[in-house]
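Engineer: Kindly return the folded structure for what I paste below:
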Amino acid sequence: MRVLIIDDEAGIRKTTRIAVETAGHSAVEAPNTSRALKLAEEDTFDAAFLDLRLGSEDGLETLARLLKVRPGLEVVMFTAYANIATAVEAMRRGAFDFIPKPFTPDQIRGVLAKIGRSRALEQRVRTLESELAGSSPPIELESSEPAVQRALQIAFKAAPTTATILLLGPSGTGKSVIAREIHRRSAQKEAPFVTVSCPSLSRELLESDLFGHVKGAFTGAVSDAAGKIAAADGGTLFLDEVGELPLEIQPKLLRLLQEREYERVGETQPRRANVRVIAATNRNLAADVQAGRYREDLFYRLNVISVAIPALKDRMGDLAQLAEGCARFHAARLGRNIAGFTPAALAAFMRYGWPGNIRELGNVIERTVILAAEGPIDLADLPEEFSGRAEAGVALGARVTLEALETEHIRRVLGACRNLDETARVLGIDPATLYRKRQKLGLL
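Structural biologist: Alright, predicted model coming up:
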């Protein structure tokens, strides 16, 4: 963390700074309110130590002004005038904690550790809320297919280490689920698991989302933002579709991987980050390196442990088990009495190409569970491309909405192309627009 120390006594500032730095953090000193506010406006801080008596100045008033400039700053008050009333008043006005003078270095380090635990807990709650909001059927981590067994064996053998892992495979094969399982089996399992979707934003917004920014760094930056790297500190940073990472950002990610350092947008102060990186892509990064679209040094840094996840069409031995698991999940969630599949329905699944892989399988089964009658799911309950009642997909000129036509066209092009970049070129749109359309149309 970056810590601001505000006290009118030089000796106290020095003692506090030494305790802060020996705990692995960086510190800046200010002897009065005006200097502290100037520093807070020009730089970013995670925590502050503030004396209740700054000469003739009232530390509680300084607290209020500091929090106005930097909302969310964790301020610890210390004073020789310690009593319950001032402690309660400081906490009521937004202080994080209260330390009486004289204090020991261990007290300073202890409160910094407390701030760290509090921030990690807040991030953990946000992560769990995100997982619950986007709850989906669990992907089976057992397989009868040798290629899948090898992939999972490599992934889970590397999980307890801190090695960077690169998950390779088509969209929808469950790379994000495997990444979460790697995190769950790692030494960082109690720390945050934070996802960054590389193609979802413009270059500028992606850089800010990943590294954070300071107030005024660009138009619309009305306050500081810590960024996903800071949120993942001590845990796992999952870079989804890392092959779509713009060239301009790639050197900054390389620095994070090599030196564990990064800078927020608009800031020159380097920050340290203890994060384990897991990346995923549906692209052939080696080919992109040869074509000059991807940095070779970054590719090798990401490719320490590579795990190839097969497409669903290449693991048909698992299809029935995956379908049954999805059906049980959605039936329980929706309160439907659905009992598996008829042989005809499973045979139709086996004939289908599954361009959207496991994600498409889950979407098809969720729709079917909602619309099917009770009992086993039969061929007649499946969408038309499975049941054979009509030609697969939506026909031109049919009485359907433009959105239905667009959904079907994007789905078919996704299945025909090798990766998202090629799909975007065929459709005549940029990758970020393609991502937003897939998100809106339920094709992720």
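Engineer: can you tell me how far the residue of the chain most remote from its centre sits from residue 85?
Structural biologist: Using C-alpha atoms, centre = their mean, the residue of the chain lying farthest from its centre is residue 56. It sits 46.5 Å away. Computed with C-beta to C-beta, to the nearest Å, the distance linking residue 56 and residue 85 is 21 Å. (Each C-beta comes from the backbone N, C-alpha and C, glycine too.)
Engineer: quick one, what contacts residue 279?
Structural biologist: Residues in contact with residue 279, defined by C-beta atoms under 8 Å, 6 or more residues apart in numbering, are 164, 165, 166, 167, 238, 239, 240, 242, 302.
Engineer: what's across from it in the sheet?
Structural biologist: Using DSSP bridges, the beta-bridge partners of residue 279 come out as residue 166, residue 239.
Engineer: At the geometric centre of the chain, which residue sits there?
Structural biologist: Note: the chain centre (C-alpha atoms, centre = their mean) maps to residue 195, 1.5 Å.
Engineer: looking at this, it is in a helix?
Structural biologist: No - residue state for residue 195 (DSSP: H, G, I helix; E, B strand; the rest coil) corresponds to strand; a helix is not indicated.
Engineer: check contacts around the spatially closest residue to it that is not a sequence neighbour.
Structural biologist: Using C-beta to C-beta, 6 or more residues apart in numbering and skipping residues adjacent in sequence, the residue nearest residue 195 is residue 238, 4.7 Å away. Applying C-beta under 8 Å, 6+ apart to residue 238 gives the contacts 176, 179, 180, 183, 193, 194, 195, 196, 278, 279, 280.
Engineer: Could you rerun that using 7 Å?
Structural biologist: By C-beta atoms under 7 Å, 6 or more residues apart in numbering, the contact list for residue 238 reads 176, 179, 193, 194, 195, 196, 278.
Engineer: re earlier: for residue 33, see how far away the residue farthest from the centre of the chain is.
Structural biologist: According to C-beta to C-beta, residue 56 and residue 33 sit 10 Å apart.
Engineer: Could you check the pLDDT of the residue nearest to residue 195?
Structural biologist: Per-residue pLDDT puts residue 238 at 96.
Engineer: And residue 166, by the same measure?
Structural biologist: Looking at residue 166, its pLDDT reads 97.
Engineer: ok, it to residue 299 distance?
Structural biologist: 9 Å.
Engineer: who has more neighbours, those two?
Structural biologist: Comparing residue 166 with residue 299 by other C-beta atoms under 10 Å, the one with more neighbours is residue 166, at 23 against 18.
Engineer: I figured the more buried one was touching residue 300, is that so?
Structural biologist: No - with contact defined as C-beta atoms under 7 Å, residue 166 does not count as touching residue 300 (10.3 Å).
Engineer: Dump the helix or strand harbouring residue 299 to PDB, restricted to CA.
Structural biologist: Assessed by DSSP states H and E, residue 299 sits inside helix 296-302. Taking C-alpha atoms only, helix 296-302 is exported to PDB below (Å, rounded to 0.1, in the frame of the first residue of the first chain):
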ATOM      1  CA  GLU A 296       7.100 -12.700 -28.500                       C
ATOM      2  CA  ASP A 297       8.500 -12.000 -25.000                       C
ATOM      3  CA  LEU A 298       5.000 -11.700 -23.600                       C
ATOM      4  CA  PHE A 299       3.900 -14.900 -25.300                       C
ATOM      5  CA  TYR A 300       6.700 -16.800 -23.600                       C
ATOM      6  CA  ARG A 301       6.000 -15.300 -20.200                       C
ATOM      7  CA  LEU A 302       2.300 -16.300 -20.500                       C
END
